[in-house]
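Colleague: Quick one: sequence plus predicted model below, questions after.
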Amino acid sequence: MIGNVIVGQSGGPTSVINSSLAGVFKTAKDRGAKKVYGMLHGVKGLLDKQYVDLSEKIKTDIDIDLLKRTPSSYLGSCRYKLPEIGEDRETYEKIFAILEELDIKYFFYIGGNDSMDTIKKLSDYGLIINSDIRFMGVPKTIDNDLAVTDHTPGYGSAAKFIASTMKEIIRDGLVYDYPQVTVVEIMGRNAGWLTAAAALARGEDCEGVDLIYLPEKVFDIDHFMARVEEKVGDGRSVVIAVSEGIKVEDGRYVFELADHVEFVDAFGHKQLAGTAKFLADKIGAAYGVKTRAIELATLQRCAAHMCSRTDITEAFNVGGAAVKAAFEGESGKVVVLKRVCDDPYMCITETHDVHQIANIEKKIPLEWITDDDYVTMDLIHYIRPLIQAELSPIMVDGLPRHLNINM
């Protein structure tokens, strides 16, 4: 069944998400797809008939190499929640009418948890109306919180950037001969995989971060302040890594303890920001030391100059594997990575039922979090292979060159 292909990107971007797009595009063309369309701004854009013929944008092997190295979502993204099928069939009828108009036989969606919810609903509706369109999810999220898969493309590069940045922040803190406290806020709403990557900074040439706080455990402010006082008492600079999503015992996010402006997206997710500043201000007021709050913010998901070659290769591979599976008849599935060896590191791709992945969060096992506000070597050994090797940017006039859909 050869027809046309459509692919979209959804949710927060990563530094390697476009490598998955390149994997989908190249594999689909190699397998004989007539046209490969790209949704502009995900399924939300599709509903507005916003799409492009990717063959008019990606014309050469150099374009593919540039696309793989381009951060953020080349096609644009969205945070659009499809309604439940029983509540609004009209939306689904509209989407399937557009797909039929374009002669789409294969639908690929690159994204995280909420994006897999989209694949689940569209494939379910397709079964209801006996559609022959095949729907496949391609995993992506720096949060690393997708169920079943060993890890998600995008995480390794973000972890590499975080660990590298923490090493540099630690070095900066050693410049002066008086103690200061730096609190670094790292993304992670309910899962602390990104913040845990800060532990990789410790090594032969670096003391490492002093304390790590993850959302998997309740955050006790009194305990935190006592640990900081203990570290400051040693007379040296202190660097602390905190997840943006840490919560106190009553369920409030730490940033909610301060004045803040609240924004909630279509999936009911609060915008998280301000945890590091709140804690840094509290430390400064209590102990009279110089403090600094740093939010890595979007830098951790768009630093393509610091991407992991392992990560960018796996991102490309899951895109290609999704096409292979769909062309061989699979639908309603997500490509997952299965680790088969740690030394040497090796992962293979498999497919898994989207119903066992969508809307399920994978968190750090509590046994990988220590009682002294750190993480275990098991967690460090899990992360370390994912950050290995580099893929240099293609530099033009001293700066990395990217592929831009609008130029």
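Modeller: Thanks, I have the structure now.
Colleague: hang on, isn't Tyr213 packed against Asp373?
Modeller: Yes - in this structure, Tyr213 is within contact of Asp373 by Cβ atoms under 8 Å, at 6.4 Å. Yep, even glycine has a C-beta here, placed from its N, CA and C like the rest.
Colleague: More neighbours: which of these two?
Modeller: Tyr213 (26 against 17; other Cβ atoms under 10 Å).
Colleague: where exactly do the strands run in the chain?
Modeller: Counting by DSSP state E, the segments of the chain that form strands are 4-9, 36-39, 51-53, 104-111, 134-139, 180-186, 211-213, 238-243, 290-295, 333-342, 345-353, 395-396, 399-400.
Colleague: Of all these, which one is nearest Ser308?
Modeller: Closest approach to Ser308 among the strands of the chain is made by strand 345-353 (11.5 Å; Cβ to Cβ).
Colleague: Output that closest one as CSV, restricted to C-alpha atoms.
Modeller: Extracted in CSV, the C-alpha atoms of strand 345-353 (Å, rounded to 0.1, in the frame of the first residue of the first chain):
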residue,chain,number,x,y,z
TYR,A,345,26.4,0.3,25.0
MET,A,346,23.9,-0.9,22.4
CYS,A,347,20.2,-0.2,21.8
ILE,A,348,17.8,-1.6,19.3
THR,A,349,14.4,-0.4,18.2
GLU,A,350,11.0,-2.2,18.7
THR,A,351,7.4,-1.1,18.5
HIS,A,352,4.9,-1.1,21.3
ASP,A,353,1.2,-0.5,21.7
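Colleague: which residue ranges form the helices in the stretch 151-300 of the chain?
Modeller: Counting by DSSP state H, counting those that start in this stretch, the stretch 151-300 of the chain has helices at residues 155-173, 193-196, 221-232, 275-287, 299-302.
Colleague: Only the buried residues of the longest one, if you could.
Modeller: Read that as helix 155-173. 155-167, 169-170, 173 (16 or more other Cβ atoms under 10 Å).
Colleague: List just the nearest of those residues to Val43.
Modeller: Distances from Val43 to the buried residues of helix 155-173, taken by Cβ to Cβ, are shortest for Tyr155, at 23.6 Å.
Colleague: In contact with the closest one, which residues are there?
Modeller: 141-144, 193-194, 311, 386 (Cβ atoms under 8 Å, 6 or more residues apart in numbering).
Colleague: ok, now how distant is Ile383 from Ala241?
Modeller: Per Cβ to Cβ, to the nearest Å, Ile383 is found 13 Å from Ala241.
Colleague: With respect to burial, which of the strands of the chain scores highest?
Modeller: strand 134-139 (a mean of 29; mean count of other Cβ atoms under 10 Å).
Colleague: Now for Tyr213 and Asp373: what residues contact both?
Modeller: Counting by Cβ under 8 Å, 6+ apart, nothing touches both Tyr213 and Asp373.
Colleague: nearest to Gly329, of the helices of the stretch 151-300 of the chain?
Modeller: helix 155-173 (29.7 Å).
Colleague: What segments of the stretch 301-407 of the chain are helices?
Modeller: Under DSSP H, counting those that start in this stretch, the stretch 301-407 of the chain gives helices at 309-327, 377-383.
Colleague: Out of these, which gets nearest to Phe278?
Modeller: The closest of the helices of the stretch 301-407 of the chain to Phe278 is helix 377-383. By Cβ to Cβ, the value is 26.2 Å.
Colleague: tell me which residues of that closest one are tucked away?
Modeller: For helix 377-383, by 16+ other Cβ under 10 Å, it's 379-380, 382-383.
Colleague: got a pLDDT number for the residue of the chain positioned farthest from its centre?
Modeller: In the chain, counting by Cα atoms, centre = their mean, Asp177 sits farthest out from the average C-alpha position, at 38.0 Å. Here, the pLDDT recorded for Asp177 equals 86.
Colleague: quick one: low-confidence parts of the stretch 251-400 of the chain?
Modeller: Within the stretch 251-400 of the chain, the ranges that satisfy pLDDT under 70 run 259-271.
Colleague: Let's see that with 90 instead.
Modeller: 258-273 (pLDDT under 90).
Colleague: same deal with the stretch 51-200 of the chain?
Modeller: Ranges of the stretch 51-200 of the chain meeting pLDDT under 90: 176-179.
Colleague: one step back: how about the helices of the stretch 301-407 of the chain in TSV, adding distance to Ala226?
Modeller: Formatted as TSV, these follow (distance: least, Cβ to Cβ, whole Å):
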stretch	distance to Ala226
helix 309-327	38
helix 377-383	24
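Colleague: Any idea which of these gets closest to Val183?
Modeller: That would be, of the helices of the stretch 301-407 of the chain and by Cβ to Cβ, helix 377-383, which comes in at 21.0 Å.
Colleague: on that earlier part again, how about JSON lines for the strands of the chain, with distance to Ser73 added?
Modeller: Below are the strands of the chain laid out as JSON lines (distance: least, Cβ to Cβ, whole Å):
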{"stretch": "strand 4-9", "distance to Ser73": "4"}
{"stretch": "strand 36-39", "distance to Ser73": "10"}
{"stretch": "strand 51-53", "distance to Ser73": "13"}
{"stretch": "strand 104-111", "distance to Ser73": "8"}
{"stretch": "strand 134-139", "distance to Ser73": "12"}
{"stretch": "strand 180-186", "distance to Ser73": "21"}
{"stretch": "strand 211-213", "distance to Ser73": "30"}
{"stretch": "strand 238-243", "distance to Ser73": "24"}
{"stretch": "strand 290-295", "distance to Ser73": "21"}
{"stretch": "strand 333-342", "distance to Ser73": "18"}
{"stretch": "strand 345-353", "distance to Ser73": "22"}
{"stretch": "strand 395-396", "distance to Ser73": "22"}
{"stretch": "strand 399-400", "distance to Ser73": "17"}
